[in-house]
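Peer 1: What follows is a predicted structure for the sequence shown.
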Amino acid sequence: MVYEITEQKKIGLGLIGFGIFFTFLGVILFFDRGLLALGNGSASFLLGLFFLFVRWPIVGIILEIYGCIVLFGGFWPSVSAFLCQIPVFGWVIQYPVMLLNRFRRGSD
């Protein structure tokens with residue numbers, strides 16, 4: 001038995017294949033620790049956005065700030081290391097830390 005495969009059937013089979021692949025990938029990655037943590041931060045961020053839309057701005061802003069901290073918490077050390085490498089700006093950032101260390105050593 002020979003089946004005729006037209007262009008529409010080829011596109012349909014391709015879309016079905018992509019759907020099965022991404023469904024399988026979604027099931028596998030559903031319990032990934034990193035993706036779950038990312039989901040927690042984005043959920044609080046979106047909940048904060050919802051509270052902004054229903055005119056509860058204080059609660060909404062607090063939830064959005066918490067969501068940003070949770071989402072980008074692991075990224076801040078990289079940002080601070082990069083900013084410390086900028087010639088003038090890095091010195092301005094590091095100066096208070098150096099000053100605190102000097103006071104701490106002097107008080108011992």
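Peer 2: Everything's here; your move.

Peer 1: ok, now which ones touch F53?
Peer 2: G60 (CB atoms under 8 Å, 6 or more residues apart in numbering). Just so you know, the C-beta spots here come from the backbone N, C-alpha and C atoms, and that holds for glycine as well.

Peer 1: Now I5. Nearest residue, chain neighbours left out?
Peer 2: Distances taken as CB to CB, 6 or more residues apart in numbering place L13 nearest to I5, at 7.9 Å, with adjacent residues excluded.

Peer 1: The one you found: which element?
Peer 2: helix 7-28 (DSSP states H and E).

Peer 1: Show me the contact partners of that helix.
Peer 2: Outside of helix 7-28, the residues within contact range by CB under 8 Å, 6+ apart are I5.

Peer 1: which residue packs closest to the residue sitting nearest the centre point of the chain, ignoring adjacent ones?
Peer 2: Nearest to the mean C-alpha position of the chain, by CA atoms, centre = their mean, lies L71 at 4.1 Å. What sits nearest to L71 in space, not counting adjacent residues and going by CB to CB, 6+ apart, is G41, at 3.7 Å.
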